[in-house]
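Colleague: Here's my sequence, what's the structure:
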Amino acid sequence: MLTHPIGYLIFPIMMTNNGWNFNNTYSLLPKEFYSKQHPVPVPSPKLILFNDDLVQKLGLDFKPLQIQDISLFLSGNSLPAGADPLAQAYAGHQFGHFTMLGDGRAILLGEHLSPEGRRWDIQLKGSGKTPYSRGGDGRAALGPMLREYIISEAMNSLGIPTTRSLAVVSTGETVFRDSPQPGAILTRVASSHIRVGTFEYLRFYNNPEYLKVLVKYTIDRHFPEIKNQENPTLELLNSVIIRQVDLIIHWLRVGFIHGVMNTDNMAISGETIDYGPCAFMNIYDPATVFSSIDHKGRYCFENQPAMAQWNLARFAETLLPLLHNDHDQALVLATEAINSFSSNLTKNWLKMMRIKLGLITEEENDLPLINELLQLMYLNKIDFTNTFRKLSLSLMINQDQFSETELLKWIIRWKDRLSRQTTSLQESVNLMHLHNPAFIPRNHKVEEALDAATNQNDFSLIHKLLNVLSQPYLEQPNFSDYQTLPESNDNNYKTFCGT
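Modeller: Presented below is the predicted three-dimensional model:
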């Protein structure tokens with residue numbers, strides 16, 4: 001065994017199976033799609049967070065391993081048998097500007113098949129320099145990796161399509177951002193890491209054959225039901241649009257703000273990916289933005305649908321050569337598909353808002369009723385999440401939960417609307433409780449837990465927060481402090497990318 005003078009491995013060693021069932025297909029694509037790259041070993045890996053629920057879902061068995069052995073391969077110092085590590089190439093529009101990118105600090109270990117036969121990318125984030133690092137150190141800080149773990153697992157519990165987090169391992173290194181910070185590596189699990197930016201990268205190469213390969217690969221992996229359609233490329237575009245509509249509706253449902261909706265952060269699978277400066281809205285304000293780099297509010301809460309459509313338009317542009325042999329006809333097909341996003345989103349948003357209000361039937365005046373509530377929430381600076389839980393509670397105990405006069409008048413009209421349904425109030429309450437969370441990752445609680453972990457080496461608050469967020473739709477009276485707003489109401493709260 002070759003070792004570095006300070007005691008860690010020069011090249012990762014291959015570990016035994018432990019349930020890993022790698023069946024790697026991305027590495028069979030043309031070499032222009034990626035660069036073969038091993039993780040860069042770290043001096044002192046230590047397991048910080050470990051997702052037992054996800055381990056079981058993946059069909060892995062780590063019980064025979066010691067904690068230190070688990071730390072070794074989740075840091076990249078050792079590789080599971082069957083891994084074929086690589087860094088993916090991609091490009092992207094970042095805040096509207098095109099640039100060449102790629103995995104600058106992440107290594108895809110390979111594709112694991114779960115016992116159910118589902119394919120999962122296993123990626124180490126913060127695993128060292130790659131050919132795409134562009135001068136970066138290839139590492140990640142502990143705080144941002146813990147944030148991604150917390151938020152991605154919260155999103156999963158909320159029922160929102162998302163990448164997931166298997167583990168966080170501290171590295172024993174110091175990384176330098178705005179200040180020296182402890183280093184860490186996150187193990188991310190995803191349906192795939194194919195992005196809009198992956199297609200943009202191939203468009204940059206202007207090689208139609210590469211594009212055909214990626215389109216076929218993406219359809220086979222994510223949309224096999226469309227591969228025999230007359231125009232599978234058009235069906236791919238339509239399918240991706242449908243999944244993005246569903247995803248954005250979920251974000252709007254719970255008040256989530258991604259913060260950096262660049263095209264390299266839009267997964268073709270329809271999963272939320274790349275939790276950088278993300279956060280949840282407390283007081284309802286459509287213009288809410290928390291990202292420290294989003295100075296003009298490009299990716300604020302209310303702009304997320306428009307930005308998703310903009311990203312999808314970039315995706316459609318990459319597909320033009322395969323949509324139709326005639327360029328003008330290809331433009332027509334692409335435009336029709338992209339225009340469908342707005343109508344689908346509007347229809348599904350109204351459906352989602354009806355559900356949040358327990359409206360099982362449909363009436364013509366539902367939209368004005370919904371918009372009036374949102375306007376009252378905005379004018380009275382009312383919390384988004386708590387409002388909908390309180391509305392359902394007011395049905396359960398027939399007691400007003402609000403003090404705002406205009407809102408109380410609105411509630412009378414809402415209850416009158418509910419009374420015209422043939423279903424019971426209890427059915428409305430049940431529907432509301434299934435779609436309106438009682439708990440979200442409150443920004444101040446996330447920061448409190450991250451501060452304790454990174455500055456005091458105290459992870460108890462993170463474990464408590466994760467426990468609360470694992471059942472977001474259940475009333476948990478003992479954790480009511482996780483529902484309250486911070487005293488500052490998130491004034492001047494900023495989140496950061498961590499790169």
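
Colleague: Could you find the closest non-adjacent residue to residue 185?
Modeller: residue 126 (4.3 Å; CB to CB, 6 or more residues apart in numbering). (C-beta placed from N, C-alpha, C; glycine too.)

Colleague: That neighbour: how many residues sit nearby?
Modeller: 32 (other CB atoms under 10 Å).

Colleague: cool, and the one 10 residues further on?
Modeller: Counted with other CB under 10 Å, residues neighbouring residue 136 total 12.

Colleague: Over to residue 396?
Modeller: Close neighbours of residue 396, defined as other CB under 10 Å, add up to 12.

Colleague: show me what contacts it?
Modeller: Contacts for residue 396 (CB atoms under 8 Å, 6 or more residues apart in numbering) come out as residue 429.

Colleague: I'd like to know how far it sits from residue 371.
Modeller: Using CB to CB, to the nearest Å, we find residue 396 at a distance of 25 Å from residue 371.

Colleague: what sits against the residue nearest to residue 185?
Modeller: 105-106, 138-140, 145, 171, 183-186.

Colleague: just the residues you listed now: which is nearest residue 330?
Modeller: residue 106 (33.4 Å; CB to CB).

Colleague: There's contact between that closest one and residue 85 in this structure, I believe.
Modeller: No. Counting by CB atoms under 8 Å, residue 106 does not reach residue 85; the two are 10.4 Å apart.

Colleague: Now for the two: what residues contact both?
Modeller: Common neighbours of residue 106 and residue 85 (criterion: CB under 8 Å, 6+ apart): none identified.

Colleague: could you pull out the strands for the chain?
Modeller: With DSSP state E as the criterion, the chain has strands at 13-15, 34-36, 46-50, 78-80, 86-88, 91-94, 97-100, 106-113, 119-125, 140-141, 164-176, 180-190, 256-257, 279-280.

Colleague: just checking, what packs against the fourth one?
Modeller: The contact analysis (3 or more CB pairs under 8 Å, 6 or more residues apart in numbering; DSSP states H and E) places strand 78-80 against strand 13-15, helix 67-74.

Colleague: And the average pLDDT for that strand is what?
Modeller: Averaging pLDDT along strand 78-80 gives 92.

Colleague: One more: the second one?
Modeller: When pLDDT is averaged along strand 34-36, the result is 97.

Colleague: Ok, the fifth one next?
Modeller: The predicted model gives strand 86-88 an average pLDDT of 98.

Colleague: From the chain's centroid, how far away is it?
Modeller: Relative to the chain's own centre, strand 86-88 is displaced by 20 Å; criterion: CA atoms, centre = their mean, to the nearest Å.

Colleague: what comes up buried for that strand?
Modeller: Using 16 or more other CB atoms under 10 Å as the test for burial, strand 86-88 gives 86-88.

Colleague: for that strand, packing partners?
Modeller: Secondary elements touching strand 86-88 (3+ CB pairs under 8 Å, 6+ apart): strand 34-36, strand 106-113.

Colleague: and the spatially most central residue of the chain, bridged to which residues?
Modeller: In the chain, the centroid-proximal residue (CA atoms, centre = their mean) is residue 272; its distance is 2.6 Å. Beta-bridge partners for residue 272, by DSSP bridges, are residue 162, residue 266.

Colleague: so what's it up against?
Modeller: Contact analysis of residue 272 by CB under 8 Å, 6+ apart lists 152, 155, 160-163, 247, 251, 258.

Colleague: And residue 125, by the same measure?
Modeller: Taking CB under 8 Å, 6+ apart as the contact definition, residue 125 lies against 105-106, 140, 145, 148, 185-188.

Colleague: got a pLDDT number for it?
Modeller: 98.

Colleague: do the same with the one 5 residues further on
Modeller: For residue 130, the pLDDT comes out at 97.

Colleague: what's the closest non-adjacent residue to it?
Modeller: residue 87 (3.8 Å).
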